[in-house]
Each structure stands twice: as C-alpha cells, then as structure tokens.
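Trainee: Below are the sequence and a predicted model for it; my questions follow.
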Amino acid sequence: MTALSDDQDAFGHLLRDYLAGQDVFEIVERDDGFVGAVGSPRRYFMPFRDWPVHERKAMEWVKGRVLDVGCGAGRHSLYLWKKGMQVTSLDLSPLAVSVCRRRGLPDTRVLDINQLDPASGPWDTVLLLGANLGLAANPTTGAALLARLAAATSEGARIIAESLDPWVVAEPVHVAHLQENLRHGRLPGHLIIRIRYKQRYTPWFEYLFLAKEELRRLLEGTAWRVTAYLDHETEPGAYIALIEKGAAVDCDLFKE
C-alpha cells in the first residue's frame, strides 16, 4: 500500500484533531457490513504509567536499534527514544507521522513496511505493537514480510508483536465472520477493514488476528520463532509475543 492521500488519511486526521483537543472517536468498518466504534484515540497517546501491564513488561525485551512499524501517534517510540534508544518509526499516514514529529520524534517516516529497503538496517528490535502483527495480512504476504524483516535485521534480532486470539469472541456477528472465513479456506481471524473518521475513510486493507498456534504455523519455514508470551491481564485472548531470529521453538509455549 502506498502512503495515504489526505482524503484517505482518516486515522491521521483523527490523531491530529485529538492532539488539538477535540473530542473524537474512531470507527472501523468490516467488508461484511459490520461497523464498530473503537472509541477515543487516547490510548495512542497514553504515558507509560497508563499502559497495560503486559506492554510495560514487553519494553524489557527491547534491545539495540529499534524499528517501530505502524507507529501511530508514537507512544512506544517516544518512550524508547526518551530512554536514549535509536528508534526509526514508520506509518502510512502522513498526518500520523506529522503528529509524531510534533511530539518530538526525530526519525519518523511515511513508509509501507513492505517497501522497506533492507539495506537501511540492520535493526535489532522490530515493534509490531497495537495488534500490528495484523499487518501480516494473510499467510502469503505474512511470509514475505517476515523474510523482509529477516533481511533488514541483525543476527539474533527480535520482533515484539501484539495480536488477539480470534476464537475468544462472544458476539454472534463475530462468530459468524470466523465461520465464513473457514468456509472459504481463510484463517479465522482474517479481516478486510477500513478506518473511518468524519467524511474520510482509508482504502480497504487486509488485517489478521492470530491464535498462538496459528502464529506458530505462520512462522514455520521462516527465520523466526516465538520464545515467550505476555498475556493481557484483563482482555482475554490479547497477547504480545517475543519472536526471535534463529531461536529454537519452545513447544511448551503451545501446550494447553
């Protein structure tokens, strides 16, 4: 996907207006007609002390030069940069990048991760937080993304990725969507969505929620293996995975 035009940059306008003090909320639309109100973008600006416990613990996994993919308003990047780490932050939203720069981040770029030049690395840590493991989109593009990240990272590099087990759902409308995906041979957590804000909306894009076992299968045949998990303390099914380059898989991670 290329950088968003101003008419498409619903997410960026949302962040900019929130930063300006406006009372705003985010809408996500799914291609089956479901529309959900995500709520206030406050979470994109939260200080470290207000982060969920598993996110704060995940910061202990960060090492070396950092690439923050889908940085949004830049809260993860800002925290690490203020601790003295070298951080490069990417987003498709030009206004999100502008918000990050206004908040003080010095190295923030409008760029699709799939267009990243591996020669611009190597990075030691890649952040895919805020459920941005979903940028894998589907098994084919996910494998390509993992290969690109392997080429752009150092030996022993790590990905810190957040996702949500799609099976931990209760609403019938979401269960029906999982079942429809399975009938069509797709992963259950496969989504085609867009973000809406006022009169603007992004292009439709693929997104992917993965159960832990589905993540393990996605990583098969790649340079990456899961070595640890942090589960959200209050949100069932939400987790952060530590994915390390060249590591041996720990089968105990996937036992019930």
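Mentor: Perfect, thanks for sending it. Numbering: from 1, shown residues only.

Trainee: Residue ranges in the stretch 101-250 of the chain under the pLDDT threshold?
Mentor: Counting by pLDDT under 70, the ranges of the stretch 101-250 of the chain that qualify are 248-250.

Trainee: quick one: the helices in it?
Mentor: 139-151, 172-183, 212-219 (DSSP state H, counting those that start in this stretch).

Trainee: average pLDDT for stretch 78-85?
Mentor: Mean pLDDT, computed over stretch 78-85, is 98.

Trainee: In PDB, could you pull the C-alpha coordinates for it?
Mentor: Only the C-alpha atoms of stretch 78-85 are listed here, as PDB (Å, rounded to 0.1, in the frame of the first residue of the first chain):
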ATOM      1  CA  LEU A  78       8.700   8.100  22.300                       C
ATOM      2  CA  TYR A  79       9.100   6.100  25.400                       C
ATOM      3  CA  LEU A  80      12.200   4.200  24.000                       C
ATOM      4  CA  TRP A  81      13.700   7.300  22.400                       C
ATOM      5  CA  LYS A  82      13.500   9.200  25.700                       C
ATOM      6  CA  LYS A  83      15.400   6.300  27.300                       C
ATOM      7  CA  GLY A  84      18.200   7.000  24.800                       C
ATOM      8  CA  MET A  85      17.500   4.300  22.200                       C
END
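
Trainee: tell me which residues in that stretch are buried?
Mentor: Buried residues in stretch 78-85, counted by 16 or more other Cβ atoms under 10 Å: 78-81, 85. C-betas here are computed from N, CA, C, even on glycine.

Trainee: Could you single out the nearest of these to residue 104?
Mentor: residue 78 (6.8 Å; Cβ to Cβ).

Trainee: Remind me which helix or strand that closest one belongs to.
Mentor: Following DSSP states H and E, one finds residue 78 within helix 75-82.

Trainee: after that helix comes which helix or strand?
Mentor: Moving toward the C-terminus from helix 75-82, the next element (DSSP H and E) is strand 87-91.

Trainee: hang on, the earlier thing: now do the helix holding residue 78: everything it contacts.
Mentor: Here helix 75-82 makes contact (Cβ atoms under 8 Å, 6 or more residues apart in numbering) with 44-48, 51, 59, 62, 66, 68, 71, 87, 89, 100, 103-106, 108, 127, 129-130.

Trainee: Buried ones among these?
Mentor: When the contacts of helix 75-82 are checked for burial by 16+ other Cβ under 10 Å, the buried set is 44-45, 51, 59, 62, 66, 68, 71, 87, 89, 100, 105, 108, 127, 129-130.

Trainee: Nearest residue to residue 32 in space, please, no chain neighbours.
Mentor: residue 177 (6.0 Å; Cβ to Cβ, 6 or more residues apart in numbering).

Trainee: One more: residue 7?
Mentor: Nearest non-adjacent residue to residue 7 (Cβ to Cβ, 6+ apart): residue 200, at 6.0 Å.

Trainee: now residue 232
Mentor: residue 238 (3.7 Å).

Trainee: Could you list every helix and strand that the strand ranked longest in the chain packs against?
Mentor: Counting residues, the longest strand found in the chain (DSSP state E) is strand 153-164. Contacts defined by 3 or more Cβ pairs under 8 Å, 6 or more residues apart in numbering; DSSP states H and E place strand 153-164 against strand 123-128, strand 238-245.
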